[in-house]
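J.: Generate a structure from the sequence data that follows.
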Amino acid sequence: MNLSPRSWSLILIVLATLSGCSNSQDTATPADGDGEASEEDADDTDGDAEPEPPPFDWCESDSPPDAACYAAKRDPDSESVALARAIADRYMDVHPAAEMEWIWENAVVMFSFTELYRVTGDVRYRDYYKDWIDHHIEAGYVIGSSDTCAEATMAAILYAELGEEKYLQVVDDAFYYLDEVALRTEQGGINHLGDVSAFGVTLWVDSLFMFGNLLTRWGEWADDADRLGDMGEQFRIFTELLQSEGGFYVHAWGWKGNMDTDIYWGRGNGWVGAAGYDYLRVRLGRGEQDSFVQTALEKLVEAIIASQDPETGMWWTVLNRPGESYLETSAGALFAYGLARGWRYGFLDDSALSTVEKAMEGVRSKIVYDEQNRPVVSGVSIGTSAGVFDHYANRPVADDVAHGVGAVILSLVETSGLPL
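T.: Now for the predicted structure:
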């Protein structure tokens, strides 16, 4: 499908927090860092050793959580879930689904509604993202750049539940884009701007969340090992090109614009942890693992924990320049969500919980109330392109921003029920 002039203008002007979807041909199960099964990934448990306890999220010791267990482990009746619902209820009232554009920011908040529905069973949340997708299926949509891939995740989730072919068509369009349209780096990494090469064939860290959710959730539901393999391969490529020795990921690689390569953006690193631990969750449920991704995330988590502001529990929008910018809400929420998911499935030890607890204190401090005493998420940086330090430090913050609302709802739901 062709991009409209307006869509290209949006790509070229915003270039902000774009995200991608990918496909790679080299897959293996179980997965490891270079896409091939290795001895260290095999199950070589000593018969005399004590069996490992099941992950926190597993209700049965020998199987991953079913739908009821998944919801119960997040305590649908908790105060955290009640707050998430109050934020979501206000958001639905203020932002009718049919008025929400086909953009990545709205995809993030819709993704959070899929988790809220999954835990509460309240069909109003499902109907909200269903109405949004249905509107765009009827009105027409474009999947021609990274920022227009994340939306297909909700179509995949709806197809898994409802089985309607119109949702499968959206998923197929996204995979066609990934397989046939988007340019690739020499290593096979997905170009952030699709088939546009004017700015270089460039990788942006945001993409791991945006295409990762689609590949991970489709791979899980459809038992599609190839798509899970694509996610593992893209994670490896992005890590090799973007991750620093200290653990953080730089915002972009191969970007021809003016960019500092020695600073690390908060929300961008939040996308990595959130997407990575959900991917590892799915691998674990299949009896598989990806040691490369797990090791990369362990390095990232060490850096996240070390850079948390001790007074507020939040993180600076430029992670390695504390005190020189501002504390940003969506980064803190994504870090809490990612670490909580990693702990739930046994990838992180109990030391992560104190970081999560402090982070949620900080996130809650950023919730304000409107004239009707309804909760509003505040302190979220707007869409952010790769750039120099001053660009990040001076990026405006706003209230009721879709991607910030989504990040906070995800964090409230995922941390509910934890032993904090």
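J.: contacts, neighbours, all on C-alpha from now
T.: Will do.
J.: Any regions of the stretch 301-420 of the chain where pLDDT drops low?
T.: Counting by pLDDT under 70, the stretch 301-420 of the chain shows no low-confidence range.
J.: er, the stretch 101-250 of the chain I mean
T.: Residues of the stretch 101-250 of the chain that meet the cut-off, pLDDT under 70, do not exist.
J.: all strands in it, in order from the N-terminus.
T.: Remark: strands assigned in the stretch 101-250 of the chain by DSSP state E, counting those that start in this stretch are 203-204.
J.: All the helices of it, residue numbers only.
T.: Assigned by DSSP state H, counting those that start in this stretch, the stretch 101-250 of the chain shows helices spanning 104-120, 123-139, 152-162, 165-176, 207-221, 225-242.
J.: Nearest to G268, out of the ones you listed?
T.: helix 207-221 (9.1 Å; CA to CA).
J.: other SSEs contacting that closest one?
T.: Here helix 207-221 touches helix 152-162, helix 225-242, helix 266-285, going by 3 or more CA pairs under 8 Å, 6 or more residues apart in numbering; DSSP states H and E.
J.: OK, contacts around the nearest residue to F56 once chain neighbours are set aside?
T.: Nearest-residue entry for F56: R344, 5.1 Å, with adjacent residues in sequence omitted and distances by CA to CA, 6 or more residues apart in numbering. Shown in contact with R344 (CA atoms under 8 Å, 6 or more residues apart in numbering): 55-57.
J.: Any of those buried? List them.
T.: With burial judged by 16 or more other CA atoms under 10 Å, the buried subset of those is 55, 57.
J.: returning to what we had before: quick one, which of the helices and strands packed on helix 207-221 is packed in tightest?
T.: helix 266-285 (a mean of 25; mean count of other CA atoms under 10 Å).
J.: Just name whatever secondary elements that one is in contact with.
T.: Here helix 266-285 touches helix 207-221, helix 225-242, helix 291-307, helix 329-344, going by 3+ CA pairs under 8 Å, 6+ apart.
J.: Does anything pack onto the third one? Which helices or strands?
T.: When contacts are defined as 3+ CA pairs under 8 Å, 6+ apart, helix 291-307 sits against helix 225-242, helix 266-285.
J.: What are the contacting residues of it?
T.: The contact list for helix 291-307 (CA under 8 Å, 6+ apart) reads 31-34, 41, 232, 235-236, 239, 246-249, 273, 276-277, 280, 315, 319-320, 335, 339, 347-348, 352, 355.
J.: Isn't N394 up against V318?
T.: No - using CA atoms under 8 Å, N394 makes no contact with V318, being 10.7 Å away.
J.: shared neighbours of those two, anything?
T.: S325.
J.: So for the two, which residue has more residues nearby?
T.: In this view N394 and V318 are compared by other CA atoms under 10 Å, and V318 has more residues nearby, 22 against 11.
J.: Run a quick neighbour tally on A139.
T.: 9.
J.: go on, the one 5 residues further on?
T.: The burial metric for G144, expressed as a neighbour count using other CA under 10 Å, is 26.
J.: same question, the one 5 residues further on
T.: Taking other CA under 10 Å as the criterion, the count of residues near C149 is 33.
J.: Surely it touches I143?
T.: Yes - taking contacts as CA under 8 Å, C149 lies within contact range of I143: 6.0 Å.
J.: Mutual contacts of these two, please.
T.: Common contact partners of C149 and I143 (CA under 8 Å, 6+ apart): A174.
J.: Check for me that R321 belongs to a helix.
T.: No - in this structure, R321 is coil, not part of a helix, as judged by DSSP: H, G, I helix; E, B strand; the rest coil.
J.: how about it, phi and psi?
T.: According to degrees, to the nearest 10, the main-chain angles of R321 amount to phi -130, psi 60.
J.: Next, the angle from the helix or strand containing V81 to helix 123-139.
T.: Here V81 sits within helix 79-94, counting by DSSP states H and E. Going by axes from the mean of the first three to the mean of the last three CA atoms, to 10 degrees, helix 79-94 is angled at 40 degrees with respect to helix 123-139.
J.: which residues are in contact with helix 79-94?
T.: Contacts for helix 79-94 (CA under 8 Å, 6+ apart): 75-76, 113, 116, 128, 374-377, 405, 408-409, 412-413, 415-416.
J.: I'd like to know which of those residues are buried.
T.: By neighbour count, with 16+ other CA under 10 Å, these hold 75-76, 113, 116, 128, 375-377, 405, 408-409, 412-413, 415-416 as buried.
J.: rewinding a little: how about JSON lines for the helices of the stretch 101-250 of the chain, with distance to D262 added?
T.: Output for those, formatted as JSON lines (distance: least, CA to CA, whole Å):
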{"stretch": "helix 104-120", "distance to D262": "26"}
{"stretch": "helix 123-139", "distance to D262": "38"}
{"stretch": "helix 152-162", "distance to D262": "32"}
{"stretch": "helix 165-176", "distance to D262": "33"}
{"stretch": "helix 207-221", "distance to D262": "20"}
{"stretch": "helix 225-242", "distance to D262": "11"}
